[in-house]
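Enquirer: just a sequence and a predicted model for now, questions to come.
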Amino acid sequence: KRYEFGCKVVIATTSDSNWVVSIAAQHGNPYDGATLKPALKQIKVLTGVQPKRVLVDQGFRGAQYHPKSAKVLVACPNQRKASIKQALKRRNAIEPVIGHSKLDQTLDRNFLKGKLGDCINALLTGCGFNLRKLYRFFLTQSQSSKRLQPV
């Protein structure tokens, strides 16, 4: 489906704890599968770790777009193997990340000008998401340490 305004934003998170490890604005309405290799390259540059397994939705079908360095699991409703089913259920955890990025970190509306503004807005959205996550972690740690101190 073509969009009227804006651009696509590719978000990559960790599979266990949903840290945003890669986020990038893609211009020109590219096919979803074509955005996979650049996203994996950005993860490698930013974190120094090459993902071994990638969980994606059906928009990323097409083996010609899948990198050789990682095993790409495409979420299909008719998966038979239990281990793959379990991993693909975990892929659904990206949806709340996208929703919170749109509502809390203003990914839905960009006030910066041009393509560079789109890229900066996407990057700041990912940083803001991770900073909120860190803040909540430290807040709960400080509250739990107050409870444990003797009065």
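Expert: Cool, the structure landed.
Enquirer: where is the longest helix in this structure?
Expert: helix 114-148 (DSSP state H).
Enquirer: now do that helix, average pLDDT.
Expert: For helix 114-148, mean pLDDT rounds to 84.
Enquirer: which secondary structure elements does that helix sit against?
Expert: strand 8-13, strand 20-26, helix 94-103 (3 or more C-beta pairs under 8 Å, 6 or more residues apart in numbering; DSSP states H and E). (C-beta placed from N, C-alpha, C; glycine too.)
Enquirer: take those and lay them out in a markdown table including mean pLDDT, mean neighbour count and distance to S69.
Expert: Listed next are those as a markdown table, based on pLDDT from 0 to 100; neighbours: other C-beta atoms under 10 Å; distance: least, C-beta to C-beta, whole Å:
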| stretch | mean pLDDT | mean neighbour count | distance to S69 |
| --- | --- | --- | --- |
| strand 8-13 | 85 | 20 | 14 |
| strand 20-26 | 87 | 20 | 15 |
| helix 94-103 | 77 | 14 | 21 |
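Enquirer: and of the ones you listed, who's closest to I84?
Expert: helix 94-103 (16.9 Å; C-beta to C-beta).
Enquirer: show me what that closest one is packed up against.
Expert: strand 8-13, helix 114-148.
Enquirer: repeat that for 10 Å
Expert: Secondary-structure packing of helix 94-103 (3 or more C-beta pairs under 10 Å, 6 or more residues apart in numbering; DSSP states H and E): strand 8-13, strand 20-26, helix 114-148.
Enquirer: residues contacting it, please?
Expert: In this structure, residues lying in contact with helix 94-103 by C-beta atoms under 10 Å, 6 or more residues apart in numbering are 9, 11-13, 15, 18-20, 23, 55-57, 107-109, 122, 125-126, 128-129, 132-133.
Enquirer: separate out the buried members of the residues you listed.
Expert: Among these, those classed as buried by 16 or more other C-beta atoms under 10 Å are 9, 11-13, 18, 20, 23, 55-56, 107, 122, 125-126, 128-129, 133.
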